[in-house]
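Trainee: please work out how this folds:
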Amino acid sequence: QVQLVESGGGLVQAGGSLRLSCAASGRTFSIYAMGWFRQAPGKERVLVASINWSGGRTYYANSVKGRFTISRDNTKNTGYLQMNRLKPEDTAVYYCAADRTNSGGPGAKYDYWGQGTQVTVSS
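Mentor: Purely as a prediction, here's the structure:
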């Protein structure tokens, strides 16, 4: 069993930056792929970025490529999402999730989810 807790959300002006963290309990997190999803009001939850267990394979949605960077520190059981040049359309609740099969990417089944952290970008 893995429990995930996100932090780092908040209110930021357009063009600013935020760094989200996802702290995991359970030693098996280090062998799972991790993804960051977001859900804006009235919209479906979508995958923003994912990373495999070693960090050697990443995926980014087109909407965030070049602005967001996903990373992880398995020694700390923590994943990160660095968000730069934020836009108002990035406003959403951001969730981290873990995939036991280490597939990652948009087609993977994510088994564990955090409670989410709100990111609001003002124009």
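
Trainee: residue ranges of the strands in the protein, please?
Mentor: Remark: strands assigned in the chain by DSSP state E are 3-7, 10-13, 18-25, 33-39, 46-51, 58-60, 68-73, 78-83, 92-99, 112-113, 117-122.

Trainee: quick one, what contacts V64?
Mentor: Taking CB atoms under 8 Å, 6 or more residues apart in numbering as the criterion, V64 is in contact with 48-49, 83, 90. C-beta here means a position set from N, CA and C on the backbone, and glycine is covered the same way.

Trainee: ok, K87 next?
Mentor: Applying CB under 8 Å, 6+ apart to K87 gives the contacts 14, 121.

Trainee: low pLDDT regions in this structure?
Mentor: 27 (pLDDT under 70).

Trainee: let's check: the centremost residue of it is which one?
Mentor: Geometric centre of the chain, nearest residue: W36, 2.3 Å, by CA atoms, centre = their mean.

Trainee: list the contacts for that one?
Mentor: 20, 22, 47-50, 70, 79, 81, 94-97.

Trainee: with that, I have no additional questions.
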